[in-house]
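In: Next come a sequence and a model predicted from it.
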Amino acid sequence: MYDLKTHELEFVRDNIGLYRDQLNVYAYIWQNLRGERLDETAVIATPVPDALSAAIRSGDPALIAAALDKWNPVVPIAFDATNVQKTIADFAKLVDSIEDREFHPQPIVELTKREGKRGTFATRVCRNCDMRFSCSSYREYARGYKDRGRSKFADFYDLDADEGESLARL
Ligand code: SF4
């Protein structure tokens, strides 16, 4: 079983604990509900490495083949059911909090903090987050980006008045 992640390969390798529990729950469900054995569990980090991007830009087939040969995005994580019950209980608490509207996104200052070559939380995590269109922090971030003239996409976020009107009409 492979869990595809849009996170950088180095980040996944350095933070395996963040991925292990989630993957183990998936594996546990698969093995116990479906009764099918898994040969292997792993995360696949999908971002294309810089070296491969550069090789593709060069258009040189030999460079591209060499970069592809070096690219191994699979990070094996051994199946271990020890924490499964605790992880499921943690998921349940999280769902309860969301249903109770106790949900607090990262503050804007965290979104814009740069972490070396890995970029900011906003570019590394938020841009892959399904909640970003309804997230107050990401809206603020997107508007700031637009104010600096770097994004037309942020127009999408300037619909507050229309949203209010639309809701009033419902
Ligand atoms: S966009 Fe998603 S990841 Fe980013 S702060 Fe909002 S909820 Fe969190």
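Out: Sure thing, it's come through. Numbering: from 1, shown residues only.
In: elements contacting the helix or strand hosting A122?
Out: Secondary structure assignment for A122, by DSSP states H and E: helix 121-124. Helices and strands touching helix 121-124, by 3 or more CB pairs under 8 Å, 6 or more residues apart in numbering; DSSP states H and E, are helix 108-111. From N, CA and C alone the C-beta is placed, and that goes for glycine too.
In: by contact count, what packs against the helix it packs on?
Out: helix 121-124, helix 136-147.
In: right, is the first one up against the ligand?
Out: The reference is to helix 121-124. No. Counting by CB under 6 Å from any ligand atom, the ligand is not contacted by helix 121-124; separation bottoms out at 6.8 Å.
In: Tell me which residues of that helix come out buried.
Out: F121, A122, R124 (16 or more other CB atoms under 10 Å).
In: Check the longest one too.
Out: Of the residues in helix 136-147, those buried by neighbour count under the rule 16+ other CB under 10 Å are S137, Y138, R139, E140, Y141, A142, G144, Y145, K146.
In: Keep the residues you listed, but drop any that are not near the ligand.
Out: Checking the buried residues of helix 136-147 against the ligand (CB under 6 Å from any ligand atom), the matches are S137, Y138.
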